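# pasting the sequence and the predicted model now:
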Protein chains: 2
Amino acid sequence: MTGNTESAYRELLGKYKDAMVLSTAQGVLHWDMETMMPPKAVEQRSEQLALMSRLHHKLSTDPQIQTFLTSIQTSPQIQSMGEVEKRNLYLIGKSYREQAALPEKLVGELAMQEAITVNAWKRAKAKKDFALYKADLKKLFELSKQSAEILMKVKETKTPYEALIDNFEPKMSAEAISRTFDELLGGLKPLIAKIEACQTKPSPQVTTQPVPIESQRVIAQLITQTLGYDTASTMACGRVDETEHPFTSGCYDDVRITTHYHLNNYTSSIFSVLHETGHAIYEHNISPEWKYQPVGAPCSYGIHESQSRFYENIVGRSREFWMGFLPQVKVAAPVLAGVGLDEFVRAVNRVERSKIRIEADEVTYSIHIIIRFELERDLFEGKIGIDELPSVWNQKYAGYLGVEVKDDAEGVMQDTHWASGLYGYFPSYALGNIYDGQIVAAINKALPDWRSQLSRGNLQNINAWLKDNIHSRGDLHNPEELIKRATGTALNAKAFIAYLNEKYGGLYGF
Amino acid sequence: MTGNTESAYRELLGKYKDAMVLSTAQGVLHWDMETMMPPKAVEQRSEQLALMSRLHHKLSTDPQIQTFLTSIQTSPQIQSMGEVEKRNLYLIGKSYREQAALPEKLVGELAMQEAITVNAWKRAKAKKDFALYKADLKKLFELSKQSAEILMKVKETKTPYEALIDNFEPKMSAEAISRTFDELLGGLKPLIAKIEACQTKPSPQVTTQPVPIESQRVIAQLITQTLGYDTASTMACGRVDETEHPFTSGCYDDVRITTHYHLNNYTSSIFSVLHETGHAIYEHNISPEWKYQPVGAPCSYGIHESQSRFYENIVGRSREFWMGFLPQVKVAAPVLAGVGLDEFVRAVNRVERSKIRIEADEVTYSIHIIIRFELERDLFEGKIGIDELPSVWNQKYAGYLGVEVKDDAEGVMQDTHWASGLYGYFPSYALGNIYDGQIVAAINKALPDWRSQLSRGNLQNINAWLKDNIHSRGDLHNPEELIKRATGTALNAKAFIAYLNEKYGGLYGF
């Protein structure tokens, strides 16, 4: 690139950087709100966040962006641009068109109705009464549908629902998700039957023994250190704090995680730290030369989730990991001295049909997601209405998981997503598992020795594989393409089913 | 107000609010940088702060501000406006004219040269070699002078230096400061002589005994609670964290302080928490109905300092305060069980001629400031040059304080202010003391019983007096006017000298 085209490209990147830097600042304010902020400051914080959202919207819908884009796209130099430059232009154009297409009035109404509906949801969930928030949920759903119909045209998706999926899993078709989820369900059903047929069920006892919070804090730091996420040294890029619901916040050289410590449930914080550390490592490993560029961002929510679940489940629930790590945990928490390796590994790999998604195990988790995906899809196709949500929810839980939902608090109201206007988000959770199946198959080939390395506490090669093939590549490709390049296989659930069968066959002895 | 004038006024307040809310968000990022941020995130944070500064400058120099101001000022309705509305318009106009008058190029050069000079100062101070940063200091001083010359015209001050003072102490003349400082010096000299003539010197021993950091943390929370700054409850508006240099950050319902804990110097954190709590209470007590308006801000740096020093010195170094508080401290730190009240009060009120400003006592502190004021004034009048600073500094320390400065690290390079471009700031510190003298005289009249209330641990009436007469009034008046209204007396150092004579006469027995 030379002359005007190059300067237009630089201007575009500069504008993108401003918007991105501002959103990282918003991220720090969100993190502070959840972890450090004095309680009385809530109103002040909402003023700050509202202003910053307005400023962010202004930066990212600046009409100059279209002017620069057009000037580059009509220049003959576009042909000679590299892969990164082209992807940057594509991503800037996509985001600009989408944001500019949504009328400011609708965006404002959505934000307002989201806040109202989340509040109504909290009250309704506490009273176990779906009727208390049904009307607000309907309003929010109608507004989301309006927004999805506008986005469908800009994103050129087949359906409005697919346009929402695209917000989380770019260019993933609802049809591909349906097909893969059906394949997954087909594999999970017989596996669950086999597990349930086993006589010897793992005992959860070893995970319920009280462990002092101070020891749990030391274990959390041990985990981040072992996985290679620096939260302690003088060059640390992260930190671990406490919140009711664990989360990861930030990017590049400032990525922070949170966890919760329960005296009588120490494995809860262990697995949440493993999970959030996976998210954190991904954000930290994105190529530094792409900092503040569109390509210098995570690929998708599903890919993000594949990384958190890789460290939580594939690594963190493996026998090999605990061979090396359990002795260290015992030093930090001498109260666990009597815990046996096999007993522990079996306990943290219990499989149970359950009603609550966030408490579900590695095997049944995806079924919770498939139920939500089917409901969302049918809602947006008009096959079911908001009124019917609770009854259809309960039917599906009875049919797919064989559990009886007693009330809507443990049923359709358990998650905040729909009340927060997050439609099209759920599929990404299960896609994360599916991607992991493909990733673990690829690692089996590339590093046949990886499990024995892991058992010696050596994660170096696994980390390097994930960094090279997933993390560092940022948003250079859409998720399907990224996974295909990384694993050599197209999106499919077979590998994940095979991984589960091998692992649980070993654990349950079938 | 009605119609166009009212809507112009509302628009103006809206624009002011945006800029102020953004600066409170910047404040949170600064606080996070000093307290929580992972070390590797420095570069990212500077990107965020630089962007937010640019956005803030854009908001506060929006040409629409002048349009609205003109439309209001030319409307006949200006006559019927209330005191608050008129002050808001005055402050918006003042700030807009000042910011708009400074060329963007100069502002950029100043920011750049400040960063360079602070770095050079750090290196030079470490090597105790003024010559290492003299050239950068000269550049910064010249740029500051340029900026002062521009501001002098807008602010209509007599000299460029007075324009800089106005940044910290609005409408305070250099002449008034000179006169009051001379008066102060005239009172301090004989007082110091009397103190030094005393045979029995207080022993510092009681303040050097090791106190566990955990106990010091409990004491810090006890102090904030006792003074009425809520850092612990579910309605807390503040918190206490640790940094090398204590500071206060934030406003209204989110005001945070920091302190440092030294095992062998527990009174250091006690007095820094008392000091910062004074700043915090001031910010928190500004009238909530003026939130995000120009009047809803602190009055001046000197008034701010008067409040921190009131709680640190007038209250916090009084015998009466420790009558109620020392027993509580002993519960938190049983290691101090043997400390006697008189011994403690005498130890924390030691008077010593010293070389380091921030370690100076209540009596000699102002002399350190007077030396800096005279040097700044003479620098801007061209009576001395940057080259002569070290030698003139040392002469003044010998003359005014009778101490011999051994090197420039403990001399002219001890403070960061001049290296950071903060000229005109120092006078505010001593003005804080002088205001406190007038305030304590007024409280003596209004609440003749206040010291005996204090000895019973009751700060309610003192707090209420400060809130009503100083804090809640925000920036409704310039500092001289505020102090006159609060105390009934014009700016003068007599009251502060009288307060010191009475207190130290009692302590030293003269």
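That came through, no problem.
# for chain B, what are the nearby residues on chain A?
A:18, A:21-22, A:24-25, A:28-29, A:32, A:36-41, A:43-45, A:47-48, A:51-52, A:55, A:230-231, A:234-239, A:252-254, A:256, A:292 (Cβ under 8 Å from any Cβ of the partner chain). Just so you know, the C-beta spots here come from the backbone N, C-alpha and C atoms, and that holds for glycine as well.
# show me these that map onto strands.
Mapping those onto strands (DSSP state E) picks out A:238-239, A:254, A:256.
# identify the farthest-apart pair in the residues you listed.
The largest separation in these, counting by Cβ to Cβ, is between A:Arg239 and A:Asp254 at 9.2 Å.
# joint contacts of these two?
Common contact partners of A:Arg239 and A:Asp254 (Cβ atoms under 8 Å, 6 or more residues apart in numbering or on different chains): B:Pro38.
# assign A:Thr258 to helix, strand or coil.
Secondary structure state of A:Thr258, per DSSP: H, G, I helix; E, B strand; the rest coil, is strand.
# contacts only, for the nearest residue to it once chain neighbours are set aside.
Excluding the flanking residues, the one nearest A:Thr258 by Cβ to Cβ, 6 or more residues apart in numbering or on different chains is A:Thr243, at 4.2 Å. By Cβ under 8 Å, 6+ apart, the contact set of A:Thr243 is A:34-35, A:258-260.
# what's the neighbour count on the residue in the stretch 151-300 of chain A positioned nearest to chain B?
Of all residues in the stretch 151-300 of chain A, A:Asp254 sits closest to chain B, at 3.4 Å by Cβ to the nearest Cβ. By the criterion of other Cβ atoms under 10 Å in any protein chain shown, A:Asp254 has 28 neighbours.
# what stretches of the stretch 1-150 of chain A score poorly on pLDDT?
Regions of the stretch 1-150 of chain A meeting the criterion pLDDT under 70 are absent.
# which residues of it fall in helices?
A:3-35, A:42-60, A:64-73, A:83-101, A:104-126, A:131-155 (DSSP state H, counting those that start in this stretch).
# same thing with the stretch 301-450 of chain A?
Under DSSP H, counting those that start in this stretch, the stretch 301-450 of chain A gives helices at A:301-309, A:319-332, A:341-347, A:365-380, A:389-396, A:427-446, A:450-455.
# in CSV: these, plus mean pLDDT and mean neighbour count.
Listed next are the helices of the stretch 301-450 of chain A as CSV, based on pLDDT from 0 to 100; neighbours: other Cβ atoms under 10 Å in any protein chain shown:
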stretch, mean pLDDT, mean neighbour count
helix A:301-309, 98, 25
helix A:319-332, 97, 17
helix A:341-347, 96, 16
helix A:365-380, 98, 21
helix A:389-396, 98, 18
helix A:427-446, 98, 22
helix A:450-455, 97, 17
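# ok, which of those helices comes nearest B:Gln460?
Of all the helices of the stretch 301-450 of chain A, it is helix A:319-332 that lies closest to B:Gln460, at 47.7 Å by Cβ to Cβ.
# with only the CA atoms kept, save the closest one in PDB.
The C-alpha trace of helix A:319-332 is given here as PDB (Å, rounded to 0.1, in the frame of the first residue of the first chain):
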ATOM      1  CA  ARG A 319      -6.000 -38.200  35.800                       C
ATOM      2  CA  GLU A 320      -2.700 -37.100  34.400                       C
ATOM      3  CA  PHE A 321      -3.000 -33.500  35.600                       C
ATOM      4  CA  TRP A 322      -3.900 -34.600  39.100                       C
ATOM      5  CA  MET A 323      -0.900 -37.100  39.300                       C
ATOM      6  CA  GLY A 324       1.300 -34.000  39.300                       C
ATOM      7  CA  PHE A 325      -0.900 -31.500  41.000                       C
ATOM      8  CA  LEU A 326      -2.600 -33.300  43.800                       C
ATOM      9  CA  PRO A 327       0.600 -33.500  45.900                       C
ATOM     10  CA  GLN A 328       0.900 -29.700  45.600                       C
ATOM     11  CA  VAL A 329      -2.700 -29.200  46.700                       C
ATOM     12  CA  LYS A 330      -2.000 -31.400  49.700                       C
ATOM     13  CA  VAL A 331       0.900 -29.100  50.700                       C
ATOM     14  CA  ALA A 332      -1.300 -26.100  50.400                       C
END
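# packing partners for that helix?
helix A:213-227, helix A:341-347, helix A:450-455 (3 or more Cβ pairs under 8 Å, 6 or more residues apart in numbering or on different chains; DSSP states H and E).
# how about CSV for those, with distance to B:Ala430 added?
Formatted as CSV, those follow (distance: least, Cβ to Cβ, whole Å):
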stretch, distance to B:Ala430
helix A:213-227, 46
helix A:341-347, 66
helix A:450-455, 65
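# what's stretch A:383-400 in contact with?
Defining contact as Cβ under 8 Å, 6+ apart, one finds that stretch A:383-400 is touched by A:130, A:134, A:137-138, A:141, A:185, A:355, A:367, A:370-371, A:374-375, A:378-379, A:403-405, A:408, A:411-412.
# what do you get for stretch A:334-351?
Here stretch A:334-351 has contacts from A:192, A:195-196, A:201-207, A:209-212, A:215, A:266-267, A:271, A:317-319, A:322-323, A:326, A:329-330, A:361-364, A:503-504, A:507, using Cβ under 8 Å, 6+ apart.
# related to what we said a few turns ago, can I get the helices of the stretch 301-450 of chain A in JSON lines including distance to B:Ala148?
Putting these into JSON lines (distance: least, Cβ to Cβ, whole Å) gives the following:
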{"stretch": "helix A:301-309", "distance to B:Ala148": "52"}
{"stretch": "helix A:319-332", "distance to B:Ala148": "59"}
{"stretch": "helix A:341-347", "distance to B:Ala148": "70"}
{"stretch": "helix A:365-380", "distance to B:Ala148": "63"}
{"stretch": "helix A:389-396", "distance to B:Ala148": "67"}
{"stretch": "helix A:427-446", "distance to B:Ala148": "57"}
{"stretch": "helix A:450-455", "distance to B:Ala148": "65"}
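# quick one on the thing from earlier: in JSON lines: the helices of the stretch 1-150 of chain A, plus mean neighbour count.
Listed next are the helices of the stretch 1-150 of chain A as JSON lines, based on neighbours: other Cβ atoms under 10 Å in any protein chain shown:
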{"stretch": "helix A:3-35", "mean neighbour count": "18"}
{"stretch": "helix A:42-60", "mean neighbour count": "17"}
{"stretch": "helix A:64-73", "mean neighbour count": "16"}
{"stretch": "helix A:83-101", "mean neighbour count": "17"}
{"stretch": "helix A:104-126", "mean neighbour count": "16"}
{"stretch": "helix A:131-155", "mean neighbour count": "18"}
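# including distance to B:Lys158, could those helices go into JSON lines?
Output for the helices of the stretch 1-150 of chain A, formatted as JSON lines (distance: least, Cβ to Cβ, whole Å):
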{"stretch": "helix A:3-35", "distance to B:Lys158": "41"}
{"stretch": "helix A:42-60", "distance to B:Lys158": "39"}
{"stretch": "helix A:64-73", "distance to B:Lys158": "46"}
{"stretch": "helix A:83-101", "distance to B:Lys158": "53"}
{"stretch": "helix A:104-126", "distance to B:Lys158": "50"}
{"stretch": "helix A:131-155", "distance to B:Lys158": "61"}
